[in-house]
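K.L.:
Whatever this is, show me its structure:
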Amino acid sequence: MKIGIDPGHGAPDEANRGPTGYVEAHGVLDIAMACRDELLRHGHEVYMTRTGREGLSLAGRARKLNDAKVDIAVSIHTNAAPSPQSRGVETIHSILGGRGKELAKIIADQLTKDLGLPLRRVFSRRSETTGKDYYTIIQKTAMPCVIVEVAFHSNPVEEKLLKDPAFRKKAGISIARGVMRFAGGERT
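P.N.:
Next up is the predicted model:
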């Protein structure tokens, strides 16, 4: 299975920050690289949309994944909310459900087990104007694609975790473990 990994954001999109300086674009790159390394260690083929601070449009990310002909794609992010109390893991899949929904459930399950964070939700979102998937990367990819929101960088406790390189590595390995469970045929 060829797996596409998309570390969300990147330069110049570095505005998403936690209250004490965590930068989503940098943190998710670390998480994605740990995920990639774990998948490679287990013999999987991996394609990355970025490996540095370069930035891409959302449509450009989807195009790169489509051009690479990956079998599944995982876009890695950290979350923010107006309330600093919001916390936990979220995964997002296509409104069409199917394999992407299964992948989202398995990754969410793995992250909550490995990181000890609560599951906030596994969901999809429909655009009110077009009726299609709301999230561009899910809408414009040809393969099952999920968005993983590892934790809330707007929550002071979770931001502290996200600032820890060991936690970011653990999160990346956890996402890889979820992907490998899915690749091995596990279903929820």
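K.L.:
okay, CA-based contacts and neighbour counts for the rest of this
P.N.:
Fine.
K.L.:
host element of the residue positioned nearest the centre of the chain?
P.N.:
By CA atoms, centre = their mean, the chain has its centre lying nearest to residue 76, at 2.3 Å. Secondary structure assigned from DSSP states H and E places residue 76 in strand 72-79.
K.L.:
what's that strand in contact with?
P.N.:
With contacts defined as CA atoms under 8 Å, 6 or more residues apart in numbering, strand 72-79 is touched by 2-8, 24, 28, 31-32, 65, 143-154.
K.L.:
The residue nearest to residue 110 when sequence neighbours are not counted is in what secondary structure piece?
P.N.:
With sequence-adjacent residues excluded and distances taken as CA to CA, 6 or more residues apart in numbering, residue 110 is closest to residue 178, at 5.5 Å. Using DSSP H and E, residue 178 sits in helix 165-183.
K.L.:
tell me which residues of that helix are tucked away?
P.N.:
168-183 (16 or more other CA atoms under 10 Å).
K.L.:
one step back: next up, the contacts around the residue nearest to residue 110.
P.N.:
Contacts of residue 178 (CA under 8 Å, 6+ apart): 103, 106, 107, 108, 109, 110, 111.
K.L.:
Identify the residue spatially nearest to the last one, adjacent ones excluded.
P.N.:
Counting by CA to CA, 6+ apart, the nearest residue to residue 111 once its immediate chain neighbours are dropped is residue 174, at 5.6 Å.
K.L.:
Please look at the one you found and residue 110 and confirm they touch.
P.N.:
Yes - using CA atoms under 8 Å, residue 174 is in contact with residue 110, at 6.1 Å.
K.L.:
what sits against the residue nearest to residue 119 when sequence neighbours are not counted?
P.N.:
What sits nearest to residue 119 in space, not counting adjacent residues and going by CA to CA, 6+ apart, is residue 89, at 4.9 Å. By CA under 8 Å, 6+ apart, the residues touching residue 89 are 108, 111-112, 117-121, 148-152.
K.L.:
Now the element after the helix or strand harbouring residue 113, going C-ward?
P.N.:
Using DSSP H and E, residue 113 sits within helix 98-115. Sequence order places strand 119-123 as the next helix or strand after helix 98-115, per DSSP H and E.
K.L.:
Show me which residues of that following strand are buried.
P.N.:
Going by 16+ other CA under 10 Å, strand 119-123 has these buried residues: 119, 120, 122, 123.
K.L.:
same thing with stretch 51-58?
P.N.:
53, 55, 56.
K.L.:
related to what we said a few turns ago, as a markdown table, the buried residues of strand 119-123 with pLDDT and distance to residue 135 would be great.
P.N.:
Below are those laid out as a markdown table (pLDDT from 0 to 100; distance: CA to CA, whole Å):
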| residue | pLDDT | distance to residue 135 |
| --- | --- | --- |
| 119 | 98 | 20 |
| 120 | 98 | 18 |
| 122 | 98 | 14 |
| 123 | 98 | 12 |
